[in-house]
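K.L.:
After the sequence you'll find the predicted model.
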Amino acid sequence: TAGGVVELRSERELQFIDITPLVEERVRRSAVRSGLASVQSLHTTAAVIVNEDEPGLRADLARTLERVAPQDVRYQRDELHSRSDVGTDELANGKAPCRAFV
């Protein structure tokens, strides 16, 4: 691939990161004149969305995620002792993939 893999780390549990400048730079450096840029998340607790980077929208999205997958409810995925696929570094983060799905 022309752009390669980029690793981003969030600073907070819920954070919206505008990757538009990064994608534009990767496309520019690739020297590809025609085609598509594909962006995806390789982790279940992150999501790529296409929308405006506007403060009011970010606030609305954060409130929507809290309504749909609130912090203070029990998630079955957090029952680590009942799962066979749990690694030693696994965290109880059941709400994260639910929020990424929304």
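P.N.:
Now that the structure is in, tell me what you want to look at. Source: prediction; values computed, not measured.

K.L.:
where do the helices sit along the chain?
P.N.:
20-30, 55-68, 95-101 (DSSP state H).

K.L.:
what residues are up against the most centrally placed residue in the chain?
P.N.:
Nearest to the geometric centre of the chain sits residue 46, at 2.0 Å (CA atoms, centre = their mean). Counting by CB atoms under 8 Å, 6 or more residues apart in numbering, residue 46 makes contact with residue 100. C-beta: built from backbone N, CA, C; applies to glycine.

K.L.:
Any figure for the gap between the residue in the chain sticking out farthest from the centre and residue 27?
P.N.:
What lies farthest from the middle of the chain is residue 33; by CA atoms, centre = their mean that is 28.5 Å. Going from residue 33 to residue 27 by CB to CB, to the nearest Å gives 10 Å.

K.L.:
any idea how far residue 86 is from residue 7?
P.N.:
For residue 7 relative to residue 86 (CB to CB), the value is 23 Å.

K.L.:
Compare neighbour counts for those two and give me the winner.
P.N.:
Neighbour tally, residue 7 and residue 86, criterion other CB atoms under 10 Å: the higher count belongs to residue 86, 12 against 5.

K.L.:
Now the more buried one: closest residue in space that isn't a chain neighbour?
P.N.:
The shortest distance from residue 86 to any non-neighbouring residue, by CB to CB, 6 or more residues apart in numbering, is to residue 80 (5.0 Å).

K.L.:
What degree of burial does that neighbour show, as a neighbour count?
P.N.:
So residue 80, with other CB under 10 Å, has 13 neighbours.

K.L.:
can you check residue 60 too?
P.N.:
Residue 60: 11 surrounding residues under other CB under 10 Å.

K.L.:
so who does it touch?
P.N.:
Here residue 60 is in contact with no residues (criterion: CB under 8 Å, 6+ apart).

K.L.:
got a pLDDT number for it?
P.N.:
Residue 60 is assigned a predicted lDDT (pLDDT) of 96.

K.L.:
Over to residue 1?
P.N.:
pLDDT recorded at residue 1 is 51.

K.L.:
go on, residue 46?
P.N.:
Looking at residue 46, the pLDDT reads 88.

K.L.:
phi, psi of it?
P.N.:
phi -130, psi 160 (degrees, to the nearest 10).
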